[in-house]
Every structure is written in structure tokens, then in C-alpha cells.
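Trainee: Only the shape, not the letters, is given here:
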Ligand SMILES: [Zn+2]
Ligand SMILES: [Zn+2]
């Protein structure tokens, strides 16, 4: 079973992330910026701007994003079970026996309301990787770390 979950960007094109190590939230820019080198490819891992720890590219989901994906997954799973039961019921009903299994339930479950992304936090960029801007919380403790190479920098 495959499904996709939409993670919203804020008005400036940033997506909210959470460090798997220090669990603080920041945002990174989604996709390439005008300054990105044409042959630039997203790295396999990133550095947390706060604690400087490195983690794989798919380890930065926020709690809200994970909760949302879980809700969507449950709905898809419920849908898959309902579809299977409906198929079984059709088979049984077609045999014309005395058993009649009916499956009721919504055929299309509503998805949870989409995540919202407020345009908060402060945009900064590490001098060594200016084309990979991030947004960090206001009361930050410097130095910050470059998302790409982990170099410390002051804003
Ligand atoms: Zn961190
Ligand atoms: Zn860098």
C-alpha cells in the first residue's frame, strides 16, 4: 500500500524540520535557490543548525508531520481492509448461499485537515553554503551550524 502525505511549505518556500538529536525545530529551503550550482544534488545527510549533529535526509520529520502521516496511514489501512471485506462479501453473496455478509462503512474516509505552515522563524544562511538558507527560532544560541557541512557560523 502506498500513499503520500503533503508537507506544506511556508510563504517563503521553507519546510519545517525537527532535529532527531536535540528535537528543536528549524526549517530548510525546499529545492534549489537561484544561487544553487546547476549540478548541485541534495546530500544524503544534513547537520542540525543548533546542535551540529548529522542525520540522514529522511530523519528530520517533526512530531506534527509524523502524527499527520500516521493518521493518513490509518485511514488508508482502514480503506484497504474495507476493500478486502467488500470483495469477500461479493464472493460470498454471489454463491447464493444462506450467508450474507454485508460490509458497511464509508467508502471514502475523509483525510485529516492538511498541516498548516506559518511564516515564522528567522531566515539565515551559512557563509560556506549561502544557497542553502535555513530558518531558525528567534532566541537562538550562536554559533549556528551549516546545514550542509556542519561548519559553525555567526549570524
Ligand atoms: Zn539538533
Ligand atoms: Zn557549509
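Mentor: Structure received. It should be emphasised that the depicted structure is a prediction, and the values quoted were computed from it without experimental measurement. Ligands and ions are numbered 1, 2, ... in the order given.
Trainee: Give the closest residue to residue 34 in space, chain neighbours not counted.
Mentor: residue 131 (8.0 Å; CB to CB, 6 or more residues apart in numbering). Yep, even glycine has a C-beta here, placed from its N, CA and C like the rest.
Trainee: what about the helices in the chain?
Mentor: For the chain, the helices defined by DSSP state H occupy 63-94.
Trainee: what's the burial count for the residue nearest to residue 34?
Mentor: Counted with other CB atoms under 10 Å, the neighbours of residue 131 add up to 15.
Trainee: mind listing what residue 33 touches?
Mentor: With contact set as CB atoms under 8 Å, 6 or more residues apart in numbering, residue 33 has these partners: 131-133.
Trainee: mind redoing it with 7 Å?
Mentor: 131, 133 (CB atoms under 7 Å, 6 or more residues apart in numbering).
Trainee: what does residue 44 give?
Mentor: Contacts of residue 44 by CB under 7 Å, 6+ apart are 56-57.
Trainee: So what pairs up with the closest residue to residue 63 other than its chain neighbours in the strands?
Mentor: Distances taken as CB to CB, 6+ apart place residue 18 nearest to residue 63, at 6.7 Å, with adjacent residues excluded. Beta-bridge pairing for residue 18 (DSSP bridges): residue 25.
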